[in-house]
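Peer 1: Kindly return the folded structure for what I paste below:
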Amino acid sequence: MFRVLLIDDEELVRVSIGYSISAALPQEAELVGEAENGAAGLELIRSLRPDIVITDIRMPKMDGLTMIGALRQEGLDVEVVVLSGYAEFEYAQQAIHYGVTDYLLKPVEENRLRETLETCIRRITKKRNLNREEKLSKRVVAYIDAHYQEDLFLDKLAEEFGFSAKYLSALVREETGLNFTAYLTDLRLNRAEDLLLHTDLGIKEIAASVGYWDQRYFHRIFKKRTGKTPSQYRK
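Peer 2: Numbers count the residues shown, from 1 in each chain. This next block holds a predicted model:
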């Protein structure tokens, strides 16, 4: 359910639009609050954290555009739909500057309101999915960083996180700019270089400590990356 807040200084308008919201998307949108001016509306936005705000422009105490500017400055992430009885370009222009979803003229048609709410819901859903992906990609990369010394494969990641290997590989690339294998190799060899230069550990020990149990393979990929064998690099 997506939470909607309505701000308008005309009670009849609030009643009418409130009814239209309930009639338009009863399973998806819920009217959670109303305010009669921008100042009261801003306080409700802060406390109720709605997903969608439908607001008039001309109101006492604080107009709608001033309120929108304030919530943008505070970083309050909400879809905004502007209402106005004035078909004046300057209002629409300023509303667009604040990144509002739509600009509706009163009286608002129910079908037009439904379309606008559906647009808001699509935008919110997309942002939520992107946020979830971003959080997941950070978790996956953090897991790789913590377990690079182990036998680590995409299939193991898929089992750990419950997503397909292909999807997780795409997330790793999105987060790091590298595919899974390239990122893991880079991580391991960076650590190996550090150990070669700053410890007295044997090369076999170093290879094992960064996840390479086959020393010949370690030599091969290390030389491919640096142009030197591990022994030459240490010297």
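Peer 1: Which parts of the protein are helices?
Peer 2: 11-24, 38-48, 64-73, 89-97, 110-147, 154-161, 165-176, 180-198, 203-209, 215-226, 230-234 (DSSP state H).
Peer 1: Quick one: distance of the second one to the chain centre.
Peer 2: Centre-to-centre, helix 38-48 and its host chain are 24 Å apart (C-alpha atoms, centre = their mean, to the nearest Å).
Peer 1: What helices and strands are in contact with that helix?
Peer 2: strand 2-7, strand 29-35, strand 52-56, helix 64-73 (3 or more C-beta pairs under 8 Å, 6 or more residues apart in numbering; DSSP states H and E). Yep, even glycine has a C-beta here, placed from its N, CA and C like the rest.
Peer 1: Looking at the helices of the chain, which is nearest to residue 5?
Peer 2: Checking the helices of the chain against residue 5 by C-beta to C-beta gives helix 38-48 as the closest, at 5.8 Å.
Peer 1: Now do the buried residues in the closest one.
Peer 2: Neighbour counts over helix 38-48 (16 or more other C-beta atoms under 10 Å) mark 38, 39, 40, 41, 42, 44, 45 as buried.
Peer 1: Near the closest residue in space to residue 136 that isn't next to it in sequence, how many other residues are there?
Peer 2: The spatial neighbour of residue 136 that comes closest, neighbours along the chain excluded (C-beta to C-beta, 6 or more residues apart in numbering), is residue 171 at 6.2 Å. Neighbour count of residue 171, defined by other C-beta atoms under 10 Å: 22.
Peer 1: Quick check: residue 171 touching residue 135?
Peer 2: No - Residue 171 lies out of contact with residue 135 (C-beta atoms under 8 Å); the separation is 10.2 Å.
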